[in-house]
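Visitor: predicted model and sequence follow; I will ask about them next.
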Amino acid sequence: MGISVDQLVQGTVFVAHFKHPLNREPLQFERMCTEYVEGRLFSWSGSLKLGALTDRHVFEVVDMGRNLTLFKQEDGIHGAHSGFMNLLARPHMEAMYHTFNKELKTRVELLYSL
């Protein structure tokens with residue numbers, strides 16, 4: 001998992017590498033960084049193979065005080081008929097992000113000895 005760029009800035013095009021959380025197959029997507037704030041916010045967008053649709057994914061880290069951090073992420077499909085596509089994709093995406101978030105939590109806690 002990771003991205004194919006050393007430094008992110010708005011407008012940077014990169015390849016995102018994933019393991020499909022349900023079958024563990026490798027996935028790659030070309031995306032563009034749409035917003036980046038060091039240590040706080042990272043978002044990307046890119047075309048989907050389903051015609052005139054794009055996705056937009058946002059990762060945000062919020063300092064909640066008292067040594068607590070909230071990790072938020074949003075993911076959605078945009079464009080013609082995107083409401084229908086989001087409805088169809090929701091159960092699949094929720095399962096994927098449940099696995100992603102669990103693995104991310106484990107990795108962060110290991111890195112920071114939490």
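Guide: It's in. Owing to the predicted nature of the structure, the values given are computational and were not obtained by experimental measurement. Numbering: from 1, shown residues only.

Visitor: partner residues bridging residue 71?
Guide: Residues in a beta bridge with residue 71, per DSSP bridges, are residue 61.

Visitor: contacts only, for it.
Guide: With contacts taken as C-beta atoms under 8 Å, 6 or more residues apart in numbering, residue 71 has the following neighbours: 59-62, 101, 104. Placement of C-beta: from N, CA and C, glycine included.

Visitor: just the pLDDT for it.
Guide: On the pLDDT scale, residue 71 is placed at 90.

Visitor: for residue 110, same thing?
Guide: With respect to pLDDT, residue 110 has a value of 91.

Visitor: which residue lies farthest from the center of the protein?
Guide: In the chain, residue 66 marks the outermost C-alpha relative to the chain mean, sitting 26.4 Å out by C-alpha atoms, centre = their mean.

Visitor: adding distance to residue 84, write the contacts of residue 71 out as a markdown table.
Guide: Shown next, in a markdown table, are the contacts of residue 71 (distance: C-beta to C-beta, whole Å):
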| residue | distance to residue 84 |
| --- | --- |
| 59 | 26 |
| 60 | 27 |
| 61 | 32 |
| 62 | 31 |
| 101 | 26 |
| 104 | 29 |
